[in-house]
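Peer 1: Provided below for reference: sequence and predicted model.
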Amino acid sequence: CEAIVLPDAKVASSKEFKQIAVTAEQWIPCPAVPPAGLREWLVERRGSGYAVVALEQATNSRCLATGDLPPTPAVLLLGAEGEGVPLELMDLVDYCVEIPQRGVVRSLNVHVSGAIAVWMFARARETREKV
């Protein structure tokens with residue numbers, strides 16, 4: 001994980017963030033990209049060779065558990081609680097992945113989903129490097 005991009009620098013100093021991050025913000029850069037600038041930031045990343053991967057339940061989503069992830073560096077795009085990834089950003093998405101779930105409620109908190117996805121990306125990268 002190169003960085004955790006936040007919508008506002010103040011987020012990193014909030015009690016809730018620090019409780020969830022458990023000091024990760026001290027070791028991983030946390031630049032702020034306001035929502036109004038996110039589209040431009042994603043376009044810049046794509047231009048630098050990053051794939052944009054949305055964690056979203058969509059028609060074309062790939063199952064995260066299969067490990068079918070882009071071999072290039074990637075930006076993992078997480079949506080807001082209850083709202084998901086903004087529709088106006090979906091045209092920038094190269095891959096859409098989802099976490100397989102069973103039962104009536106098919107939703108995890110965004111920080112839980114993000115942690116699972118980052119772990120899956122790390123695992124996939126480790127597997128590619130061993131080959």
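Peer 2: Yes, it's here. Here the structure is a predicted model, which is why all the values come from computation and not from measurement. Numbering: from 1, shown residues only.
Peer 1: ok, longest helix in the protein?
Peer 2: Across the chain, the helix with the greatest residue count (assigned by DSSP state H) is helix 110-130.
Peer 1: can you get me a residue count around the closest residue to Thr127 other than its chain neighbours?
Peer 2: Spatial nearest neighbour of Thr127, chain neighbours left out: Gly67 (7.2 Å); criterion: C-beta to C-beta, 6 or more residues apart in numbering. From N, CA and C alone the C-beta is placed, and that goes for glycine too. Using other C-beta atoms under 10 Å, Gly67 is surrounded by 13 other residues.
Peer 1: before we move on, what about Arg46?
Peer 2: So Arg46, with other C-beta under 10 Å, has 15 neighbours.
Peer 1: which residue is the nearest non-sequential neighbour of it?
Peer 2: Nearest non-adjacent residue to Arg46, counting by C-beta to C-beta, 6+ apart: Val52, 6.1 Å away.
Peer 1: for the one you found, what are its contacts?
Peer 2: By C-beta atoms under 8 Å, 6 or more residues apart in numbering, the contact list for Val52 reads 42, 45-46, 74-75, 77, 92-95.
Peer 1: that older thread, can you report phi and psi for the residue nearest to Thr127?
Peer 2: Main-chain dihedrals, Gly67, degrees, to the nearest 10: phi 80, psi 10.
Peer 1: the protein: strands as residue ranges?
Peer 2: Taking DSSP state E, the strands of the chain run over residues 51-55, 62-63, 74-77, 95-98.
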